[in-house]
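> my questions are about this predicted structure, shown below with the sequence.
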Amino acid sequence: MNDVFKALADPTRRRVLQLLHRRPMTAGEIADEFKLSKSTMSAHFTVLRAAGLIAAEKEGTTITYTLQLSVLQDGLLGFADAFGVG
């Protein structure tokens, strides 16, 4: 659960999750939404993947990311349970 909250702590990563909530997107499509370098975006993708919040599928040189909503839901439910909410 700590990896999930580490990932959610950054506003850029939260925005990536919002974008992916709409539809799967390539790394380039996501990067086009930000004024950040490709290496910085890659680091954000790494954190999100490590937390299990996104999945990556590589086809040739294109990486497509999808939101793993169940991981996000589980993390938030675990947090709520820890504080007796719900």
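That came through, no problem. Numbers count the residues shown, from 1 in each chain.
> now the closest residue in space to Leu20 that isn't next to it in sequence: how far from Pro24?
Nearest residue to Leu20 in three dimensions, chain neighbours excluded: Leu67, at 3.9 Å (C-beta to C-beta, 6 or more residues apart in numbering). Just so you know, the C-beta spots here come from the backbone N, C-alpha and C atoms, and that holds for glycine as well. Distance check for Leu67 against Pro24: by C-beta to C-beta, to the nearest Å, it reads 8 Å.
> the two: who's more crowded?
Leu67 (21 against 14; other C-beta atoms under 10 Å).
> list the residues that contact that one.
Leu67 sits next to Leu17, Leu20, His21, Pro24, Leu53, Ile54 when contact means C-beta atoms under 8 Å, 6 or more residues apart in numbering.
> could you flag which of the residues you listed are buried?
By neighbour count, with 16 or more other C-beta atoms under 10 Å, those hold Leu17, Leu20, Leu53, Ile54 as buried.
> strands along the chain, start to end?
25-26, 54-59, 62-67 (DSSP state E).
> can you put these in CSV and add mean pLDDT?
Output for the strands of the chain, formatted as CSV (pLDDT from 0 to 100):
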stretch, mean pLDDT
strand 25-26, 98
strand 54-59, 97
strand 62-67, 97
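> got the ones you listed as a markdown table, with distance to Glu33 columns?
Formatted as a markdown table, those follow (distance: least, C-beta to C-beta, whole Å):
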| stretch | distance to Glu33 |
| --- | --- |
| strand 25-26 | 9 |
| strand 54-59 | 15 |
| strand 62-67 | 12 |
